[in-house]
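A.B. asks: Below is the sequence, then the predicted model.
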Amino acid sequence: MIFLALILFSFEQISFGEIETETIKLKKLLPTEEKLEEITHRTIWKYIDKQVSSNEELGITQSIQVLLRDVSRIYDPIINKYKIPTIQIEIIEYQDDKKLTDYLNSTKNINLEKIYENSYLQGAPTKNSKCMFNYFEEGAITICKTNEYVIQSTIFDKYQEHFGYDQKELQLKQEEITTRIVEEILKTIDKKNGIDNDYELYEILESTTRNNEKEGFGRENTGKQNKITDMEKDKKYGIQKFSCVKDEFGLITISGQFNNNEIKKEKITLEMLFLDSNQKIIAKNTTSLLNIGEFETKRFLGNTKMGKTYSTCTINADS
């Protein structure tokens, strides 16, 4: 069972032009591709999608969500059975704790304190930050909360190509990418505030007591009665977080995820329709997601080229 429901934030798509003008502050906090190459000692991760949002009413000043793909792998146009590793980074700038709690509860039915309580490792790299790490058999998640930001890095690595996450008691190491990414963002924030830190986040988390009694990533649940967690009860099923983004070169990036319910499925067929400005179909494509387990989430990602008449696209799922 995969707890991908712990992705904290879901943002509506806006144009890349708006991203350039509205989120320059948060974009500067993200590690560059050159920095990622320095961490991994070779070219692996490339940014392929950026989504942004804000919610002043609920105290959310700015937020950004980005997706990176492992470009060292042979590209599968749509991630199906042979999943290409991806990393999702999310940064949210908030105004106060109460509004942040209200925002998470009202938009995603998520309790950040509960996520920390059920984490595998926790630690505080500075007096104004609190971090956690959790893992499951196909990846891991690191979250740090400061007095201004919530930072999250999540890797989906089905075949353990970047770290051995399929362990009963995982030991963090320097090469674990989600902790390194969050660490870089935290240090960038500190530098902007005139503070230099030389800590290593994985060491701080490793120095704490492991939480082996809580349900969460990397540990087995016992019995059917524990199958449906509070987060799964609140989880939205079917196609979620779907977007089509066309760049200045005419390349369309299609991304989203399918959240399964309690019934295992051998195959889900996805049909994508590409529409012009009059909502007329100009092209269509179908693909399949295979072997979807109970409450499993499968992400899909693809690229295609369309002519000037393209305006938008839609997607439907059929089991």
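C.D. replies: That came through, no problem. Residues are numbered from 1 along each chain as shown.
A.B. asks: who touches residue 273 in this structure?
C.D. replies: Each residue near residue 273 by Cβ atoms under 8 Å, 6 or more residues apart in numbering is listed here: 281, 283-284, 313-316. C-betas here are computed from N, CA, C, even on glycine.
A.B. asks: The residue positioned nearest the centre of the chain in helix, strand or coil?
C.D. replies: Nearest to the mean C-alpha position of the chain, by Cα atoms, centre = their mean, lies residue 88 at 3.3 Å. The local conformation at residue 88, judged by DSSP: H, G, I helix; E, B strand; the rest coil, is strand.
A.B. asks: Need the per-residue pLDDT for the closest residue to it other than its chain neighbours.
C.D. replies: In this structure, residue 88 finds its nearest non-sequential neighbour in residue 154, 4.7 Å apart by Cβ to Cβ, 6 or more residues apart in numbering. Looking at residue 154, its pLDDT stands at 92.
A.B. asks: partner residues bridging residue 154?
C.D. replies: When bridges are called by DSSP bridges, residue 154 pairs up with residue 88, residue 141.
A.B. asks: From what I see, it and residue 177 are in contact.
C.D. replies: No - if you go by Cβ atoms under 8 Å, residue 154 and residue 177 don't touch, sitting 10.2 Å apart.
A.B. asks: Give the residues shared as contacts by the two.
C.D. replies: Overlap between the contact sets of residue 154 and residue 177, as judged by Cβ under 8 Å, 6+ apart, is given by residue 87.
A.B. asks: Spell out which strands sit alongside the helix or strand harbouring residue 291 in the sheet and which way each one runs.
C.D. replies: Using DSSP states H and E, residue 291 falls within strand 281-292. Applying DSSP bridges, strand 281-292 is found paired with strand 265-276 (antiparallel).
A.B. asks: returning to that earlier point: tell me how many other residues crowd the residue nearest to residue 88.
C.D. replies: 21 (other Cβ atoms under 10 Å).
A.B. asks: Quick one: residues contacting the residue nearest to the centre of the chain.
C.D. replies: When contacts are counted by Cβ under 8 Å, 6+ apart, residue 88 is found next to 7, 65-68, 152-154, 156.
A.B. asks: can you map out the strands along the stretch 201-319 of the chain?
C.D. replies: Applying DSSP state E, counting those that start in this stretch to the stretch 201-319 of the chain gives strands spanning 238-246, 251-259, 265-276, 281-292, 297-305, 310-318.
A.B. asks: For residue 210, find the nearest of those strands.
C.D. replies: Closest to residue 210 of these, according to Cβ to Cβ: strand 297-305, at 25.5 Å.
A.B. asks: Quick check: buried residues in stretch 47-58?
C.D. replies: 47-55, 58 (16 or more other Cβ atoms under 10 Å).
A.B. asks: Residue 34 belongs to a helix?
C.D. replies: Yes - counting by three-state DSSP, residue 34 is located in a helix.
A.B. asks: coming back round to it: state the distance from the residue nearest to residue 88 to residue 201.
C.D. replies: 15 Å (Cβ to Cβ, to the nearest Å).
A.B. asks: Let me have the strands of the stretch 201-319 of the chain in a markdown table, extended by mean pLDDT and distance to residue 143.
C.D. replies: Below are these laid out as a markdown table (pLDDT from 0 to 100; distance: least, Cβ to Cβ, whole Å):
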| stretch | mean pLDDT | distance to residue 143 |
| --- | --- | --- |
| strand 238-246 | 84 | 18 |
| strand 251-259 | 83 | 19 |
| strand 265-276 | 88 | 29 |
| strand 281-292 | 86 | 26 |
| strand 297-305 | 78 | 18 |
| strand 310-318 | 88 | 29 |
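A.B. asks: okay, and for this protein, where does confidence drop off?
C.D. replies: Within the chain, the stretches with pLDDT under 70 are 1-24, 74-82, 108-109, 211-235, 247-249, 319.
A.B. asks: for it, what spans make up the helices?
C.D. replies: For the chain, helices defined by DSSP state H occupy the ranges 16-22, 24-27, 33-40, 97-108, 112-117, 177-192, 201-206, 230-234.
A.B. asks: Output those as TSV; include the columns mean neighbour count and distance to residue 240.
C.D. replies: TSV is the format used below for these (neighbours: other Cβ atoms under 10 Å; distance: least, Cβ to Cβ, whole Å):
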stretch	mean neighbour count	distance to residue 240
helix 16-22	12	21
helix 24-27	16	23
helix 33-40	15	27
helix 97-108	16	11
helix 112-117	14	19
helix 177-192	21	21
helix 201-206	20	29
helix 230-234	14	13
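A.B. asks: Tell me which of those helices lies nearest to residue 292.
C.D. replies: Nearest to residue 292 among the helices of the chain is helix 230-234 (14.3 Å), distances taken as Cβ to Cβ.
A.B. asks: Can you give the domain ranges for the chain?
C.D. replies: Domain segmentation of the chain under automatic domain parsing yields 4-230, 236-318.
A.B. asks: can you redo the strands of the stretch 201-319 of the chain as a markdown table with distance to residue 130?
C.D. replies: As requested, those are exported to a markdown table (distance: least, Cβ to Cβ, whole Å):
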| stretch | distance to residue 130 |
| --- | --- |
| strand 238-246 | 27 |
| strand 251-259 | 28 |
| strand 265-276 | 38 |
| strand 281-292 | 34 |
| strand 297-305 | 26 |
| strand 310-318 | 38 |
